[in-house]
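> Show me how the following folds:
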Amino acid sequence: MSYALQYILPSDKPGVEKQAIMKTLEEIQQIALDMSLRFEDPQSVKLQIKRITFAQKQLRAIKKELNATLRDINQQTSQSKADSIFSGGLDIFGERKWAGKVRIATRRAIARKKQAAQQPYLELKDAIDDFILEGDRLKLMAEEYLLSNQR
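Just a heads-up that it's a prediction; the model follows:
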């Protein structure tokens with residue numbers, strides 16, 4: 001009996017670094033291919049557990065890189081000023097209502113841009129979490145096998 005992981009991530013978002021994201025996705029999928037389990041003999045199952053654990057460590061390292069990228073995106077968008085010169089000018093000339101509307105529209109545009117920039121990275125993080133959980137499930141199955149085949 002053999003168990004392997006499969007996950008396909010649809011990430012055709014315009015305006016993102018597609019090559020870097022696709023490279024990371026390929027790397028994640030390659031690591032996930034190493035996370036398989038075959039019940040042959042106890043010694044090979046122990047080795048497979050070690051391989052799965054190593055793959056999970058690699059996935060966690062990639063996830064840390066993705067978190068750093070997300071922090072950079074957050075920092076870039078927080079440095080964007082929601083107050084434009086135009087809304088400041090409206091404030092000066094007594095058009096506070098319009099100035100507020102301009103600021104709100106600007107903040108919403110920045111939030112949409114931030115969400116669009118983050119989305120592919122969040123999808124990759126979700127895929128990594130799924131693979132790590134599947135690795136835990138495979139390791140539990142392997143432990144059960146080892147316990148039932150103890151001599």
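> middle-most residue in the chain, spatially?
Most central in the chain under CA atoms, centre = their mean is Lys125, positioned 1.7 Å from the mean C-alpha point.
> who's in contact with it?
By CB atoms under 8 Å, 6 or more residues apart in numbering, Lys125 lies in contact with Lys63, Leu66, Asn67. (C-beta placed from N, C-alpha, C; glycine too.)
> Please tabulate the residues you listed in TSV, including the columns neighbour count, secondary structure and pLDDT.
As requested, the contacts of Lys125 are exported to TSV (neighbours: other CB atoms under 10 Å; DSSP: H, G, I helix; E, B strand; the rest coil; pLDDT from 0 to 100):
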residue	neighbour count	secondary structure	pLDDT
Lys63	18	helix	97
Leu66	19	helix	95
Asn67	12	helix	96
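> Format these as TSV; extra columns: distance to Arg108.
Output for these, formatted as TSV (distance: CB to CB, whole Å):
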residue	distance to Arg108
Lys63	29
Leu66	26
Asn67	25
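> which residues pair with the residue lying closest to Gln48 once chain neighbours are set aside across the strands?
Closest residue in space to Gln48, ignoring its immediate chain neighbours: Leu37 at 5.6 Å, by CB to CB, 6 or more residues apart in numbering. Beta bridges link Leu37 to Tyr3 when assigned by DSSP bridges.
> I'd say Leu37 and Val45 touch.
Yes. If you go by CB atoms under 8 Å, Leu37 and Val45 touch, sitting 7.5 Å apart.
> Now do the shared contacts for those two.
If you check Leu37 and Val45 against CB under 8 Å, 6+ apart, the residues they both contact are Ala142.
> More neighbours: which of the two?
Leu37 (22 against 19; other CB atoms under 10 Å).
> how near is that one to Arg51?
Note on Leu37: its distance to Arg51, by CB to CB, to the nearest Å, is 9 Å.
> Provide the contact partners of stretch 129-140 at residue level.
When contacts are defined by CB under 8 Å, 6+ apart, stretch 129-140 is touched by residues 3, 5, 7, 28, 31-32, 35-37, 49, 52-53, 55-56, 59-60, 63.
> Many thanks, we can stop here.
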